[in-house]
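Colleague: From the sequence below, what's the structure:
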Amino acid sequence: MTGLTAILPRRLDSAHPEGYNSNRCSKSIINPGKTMPLDYARIQEQLIDLSEQFAERRAAEVGNASHAAVLLDSLAGQTAETREKIMAAAEANPGLRSAIPTDEDLTGVFMPPVIHKHYTLLAADGSQVNPNRHDSIPFGVINIGVFRLDSTLQVPPREIVETELLPLDAIYNEFGLVGEEVIALRRDLRERQTLSRLAGEIDGTVLTLTDGPLELFRDPQGSRETQHEFEQYLSVLRELAEMGTITAGYVDRPGSDLVVRMLEIVSRKSGGETGEENTRPLAPLTDAFLFQNRLPPGARSAIFAIQSQSASSFTGETALHFFYLNTGFTDKPSLARVEIPAWVANNTEMLGLLHAVLLEQCRHLGGQPYPYALHRSHEIALVTMLDKDQIEGMINRVLVSQGLPPAMPSNKQFAKNLSGRMRNR
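Modeller: Numbering: from 1, shown residues only. Below you'll find the predicted structure:
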């Protein structure tokens, strides 16, 4: 697949380069006419303290990484014993977030196999417009972008866009406008539903890739809306399992400390009855910092299961697992966390192909390794502020044609628009 990036077109949003911030329903635009600039002199003073804090934090990470590495090495060949300790800690503290060992050696380093089979890669990303009461018309949009790539290149790469203007009953409940967490969960669901449908239309081996974790941190018991969407999310994962699809979530520059937390638990001197379970002796160490010097370029760590309240909803073949992958170089490691369901984690062939394909994808972006197909799906899915304004205008024109008065933004938003700068609401 050499020369792939040379033959694949890229979408350019040159007419409106700044993207729509779907999480905040706004964008930040510097106003050249703003009369009161930031107090940069004060920021400069504060930078001195901040730089010292960064240095102290890095020193703590380096020191704790050395200690954690010794702890991890001491667990070689003790997978079962370590698992028992974590399960006991989880029983005492159901809210515990930690890694759980699987059957692989905790200290294992695994290199990718050679790819011997053809496959189709489907990468999906989503963007959204959250309904906002300050807009002239509260509305919601979910836009899913999929990039399809055939490993043989006999079929040209394909871009797929699916845009949904949400009906009113999807953005309102008995309490008013739904929160952005509901829209975000629906976006995650639409991504997987689209991938499942497309995967079902393809013969042969299919890999599906999404940006971010497979684990959902939104409380599925929080509302009827989230509960229903969450159950559908689990159902789609089971559909992917039945089709034998190799499914993964890719987390770039992960900040998690699941393995570090596991090491803290197994290193306790007592059973934790004295409050020791709440101490974090290895903080602020992250898993990525721990593994960046343990994994050579291209290697992955052992597979771990996830212990958490949210992960407990994923059972059986959908049970969540992860591994760390060094997609970087000898002098510049780059760690990603790859989340996979149990049906992939327990299949050596699926796991090996996923490992190799991810590395191949990351090479296409050179010195900033990231799966090229995911990058393209993000470009396809992006909803710009211009897109949002255009949809809003389309809705307004239709309403006016039906005899309704033109809708206007709130007075607050109108004043913000006059200032030429839109802050996060």
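Colleague: domains of this protein?
Modeller: 39-383, 384-419 (automatic domain parsing).
Colleague: Quote the end-to-end distance of the longest one.
Modeller: What that stands for is domain 39-383. 33 Å (CA to CA, to the nearest Å).
Colleague: show me where the stretch 51-200 of the chain has strands.
Modeller: 98-101, 120-129, 141-150, 158-165, 172-173, 176-177 (DSSP state E, counting those that start in this stretch).
Colleague: Just send the ones you listed back as TSV, with mean neighbour count and distance to Val236 too.
Modeller: C-beta: built from backbone N, CA, C; applies to glycine. Listed next are the strands of the stretch 51-200 of the chain as TSV, based on neighbours: other CB atoms under 10 Å; distance: least, CB to CB, whole Å:
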stretch	mean neighbour count	distance to Val236
strand 98-101	24	24
strand 120-129	24	12
strand 141-150	23	13
strand 158-165	14	15
strand 172-173	14	23
strand 176-177	14	26
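Colleague: Which one of those lies nearest to Pro254?
Modeller: Ranking the strands of the stretch 51-200 of the chain by proximity to Pro254 (CB to CB) places strand 98-101 first, at 12.3 Å.
Colleague: Give me the contacts around the closest one.
Modeller: 79-80, 82-83, 86-87, 89-90, 258-259, 261-262, 265, 287, 302, 304-308, 322 (CB atoms under 8 Å, 6 or more residues apart in numbering).
Colleague: about what we covered before: for the domains of the chain, which one ends up most surrounded?
Modeller: domain 39-383 (a mean of 18; mean count of other CB atoms under 10 Å).
Colleague: Report pLDDT for Ile29.
Modeller: What the model reports for Ile29 is a pLDDT of 38.
Colleague: can you point me to the longest helix in this protein?
Modeller: Looking across the chain with DSSP state H, the single longest helix is helix 40-74.
Colleague: Who are the packing partners of that one?
Modeller: When contacts are defined as 3 or more CB pairs under 8 Å, 6 or more residues apart in numbering; DSSP states H and E, helix 40-74 sits against helix 258-266, helix 287-291.
Colleague: Give me the angle between it and helix 258-266.
Modeller: Angle of helix 40-74 versus helix 258-266, following axes from the mean of the first three to the mean of the last three CA atoms, to 10 degrees, is 60 degrees.
Colleague: could you give me the average pLDDT of helix 40-74?
Modeller: Helix 40-74 comes out at a mean pLDDT of 95.
Colleague: How far away from the center of its chain is it?
Modeller: Here the centre of helix 40-74 is set off from its chain's centre by 25 Å, with CA atoms, centre = their mean, to the nearest Å.
Colleague: do the same with stretch 319-326
Modeller: 13 Å.
Colleague: Same check on stretch 289-298?
Modeller: 21 Å.
Colleague: Same check on stretch 61-79?
Modeller: Worked out by CA atoms, centre = their mean, stretch 61-79 lies 27 Å from the chain centre.
Colleague: try stretch 78-91
Modeller: The answer for stretch 78-91 is 27 Å, by CA atoms, centre = their mean.
Colleague: quick one: contacts of that stretch?
Modeller: Against stretch 78-91 from outside (CB under 8 Å, 6+ apart): 75, 96, 98-106, 262, 265-266, 271-272, 277, 307.
Colleague: Kindly provide the whole-number mean pLDDT of that stretch.
Modeller: Mean predicted lDDT for stretch 78-91 stands at 95.
Colleague: What of stretch 385-405?
Modeller: Computed over stretch 385-405, the average pLDDT equals 94.
Colleague: what do you get for stretch 229-245?
Modeller: In this model, stretch 229-245 carries a mean pLDDT of 96.
Colleague: quick one on the thing from earlier: got the helices and strands packed on helix 40-74 as JSON lines, with mean pLDDT and distance to Glu231 columns?
Modeller: Shown next, in JSON lines, are the helices and strands packed on helix 40-74 (pLDDT from 0 to 100; distance: least, CB to CB, whole Å):
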{"stretch": "helix 258-266", "mean pLDDT": "97", "distance to Glu231": "25"}
{"stretch": "helix 287-291", "mean pLDDT": "98", "distance to Glu231": "30"}
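Colleague: Turn these into CSV, including distance to Phe147.
Modeller: Listed next are the helices and strands packed on helix 40-74 as CSV, based on distance: least, CB to CB, whole Å:
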stretch, distance to Phe147
helix 258-266, 29
helix 287-291, 26
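Colleague: So for Thr226, which of those helices sits nearest?
Modeller: With CB to CB as the yardstick, what comes closest out of the helices and strands packed on helix 40-74 is helix 258-266 (23.9 Å).
Colleague: Tell me the helices and strands packed up against the closest one.
Modeller: helix 40-74, helix 79-92, strand 98-101, helix 287-291, strand 304-307.
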